[in-house]
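Asks: Here is a sequence together with a model predicted from it:
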Amino acid sequence: MSLPLAVLVSGSGSNLQAIIDRIEAGRIDARLTAVLSDKADAHGLVRAAKHGIPTRVLSPGGYPDRAAFDAALLAAVRESGAQAVVLAGFMRLLGKDFIAAYRDRILNIHPALLPSFPGLRAHGQAVDYGVAISGATVHFVDEKMDNGPIVIQAAVPALPDDDAKSLGARILTLEHRIYPQAVAWLAAGRLAIDGRRTRLAPSDAPLAAMPSPCLVNPPLEEGF
Ligand code: GRF
């Protein structure tokens, strides 16, 4: 049975789009039960509506405190029937009750090679530091920010003249490949958490062609 998934967005939703496209292409065995946003003007809501996915906005300002917002968000995700949650540019930290309710079933993507440059302004942090390689990380979500077990990472060169925008664009291209791949693995039940590590059950799927130079590990399978 397809995995029922809720996606949380705050902005453009290009990662959401990449996931929708791979679901529609039959590459991810999941169905999106809801796309929820904390921002009414998030373009991700428009993308979801275009594909007939139910959307909902929960504005933090409409709740007395963080705990009340978190409880409402959890209730909305549960009501949608989701059994797992994908954070796709959702710019808020989930509360501990939410994380406990969906423990080991929440994924996030961060545009840096964790544990480097967690938190906000990841591209700017990487450029300011002067790294020669950066990238993106998909990880399980736990109580600490950008901290849970890593599912997949992709590395790209950081060039001497990069600014946050140019580096971010290079990274985003790979986000759109590794995030759907991670969701596909989750939906297929191929991910197992083992302490800090995520173990990927092997398959005989052929591997995807990769542009050079770029390192992705575990390797992407054909179709991602
Ligand atoms: C991505 O860079 C992602 O890594 C970060 O937020 C951005 C979201 O972009 N968490 P989009 O909304 O998916 O286009």
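Replies: Looks like it arrived, so ask away. Numbers count the residues shown, from 1 in each chain.

Asks: closest point of the protein to the ligand, which residue?
Replies: residue 89 (2.6 Å; Cβ to the nearest ligand atom). From N, CA and C alone the C-beta is placed, and that goes for glycine too.

Asks: correct me, but that residue touches residue 9?
Replies: Yes. Counting by Cβ atoms under 8 Å, residue 9 is a contact partner of residue 89 at 5.6 Å.

Asks: Please identify which of the two sits among more neighbours.
Replies: With neighbours defined as other Cβ atoms under 10 Å, residue 89 and residue 9 compare such that residue 9 has more, 27 against 22.

Asks: follow-up on the earlier one: what touches both of residue 89 and residue 9?
Replies: 16, 44 (Cβ atoms under 8 Å, 6 or more residues apart in numbering).

Asks: which residues touch residue 185?
Replies: By Cβ under 8 Å, 6+ apart, the contact list for residue 185 reads 151, 191, 200.

Asks: residues of the worst-scoring helix or strand of the chain on mean pLDDT that come out buried?
Replies: Sorting the helices and strands of the chain by mean pLDDT, DSSP states H and E puts strand 215-217 at the bottom, at a mean of 81. For strand 215-217, a neighbour-count test (16 or more other Cβ atoms under 10 Å) marks residue 216 as buried.

Asks: And it, what does it pack against?
Replies: For strand 215-217, the packing partners by 3 or more Cβ pairs under 8 Å, 6 or more residues apart in numbering; DSSP states H and E come out as strand 150-157, helix 164-187.

Asks: at 6 Å instead, please
Replies: On a contact count with 3 or more Cβ pairs under 6 Å, 6 or more residues apart in numbering; DSSP states H and E, strand 215-217 meets no helix or strand.

Asks: Spell out which strands sit alongside it in the sheet and which way each one runs.
Replies: Applying DSSP bridges to the sheet, strand 215-217 is found paired with strand 150-157 (antiparallel).

Asks: got the angle between the partner strand and helix 164-187?
Replies: 150 degrees (axes from the mean of the first three to the mean of the last three Cα atoms, to 10 degrees).

Asks: any residues touching strand 150-157, and which ones?
Replies: When contacts are defined by Cβ atoms under 6 Å, 6 or more residues apart in numbering, strand 150-157 is touched by residues 113, 133, 135-139, 170-171, 174, 178, 182, 198, 214-216.

Asks: Of those residues, keep whichever come out buried.
Replies: Among these, the ones that count as buried by 16+ other Cβ under 10 Å are 113, 135-139, 170-171, 174, 178, 182, 198, 216.

Asks: Let me have those in a markdown table, extended by distance to residue 33.
Replies: Below are the buried ones among the contacts of strand 150-157 laid out as a markdown table (distance: Cβ to Cβ, whole Å):
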| residue | distance to residue 33 |
| --- | --- |
| 113 | 31 |
| 135 | 30 |
| 136 | 25 |
| 137 | 25 |
| 138 | 20 |
| 139 | 22 |
| 170 | 32 |
| 171 | 28 |
| 174 | 27 |
| 178 | 23 |
| 182 | 18 |
| 198 | 24 |
| 216 | 29 |
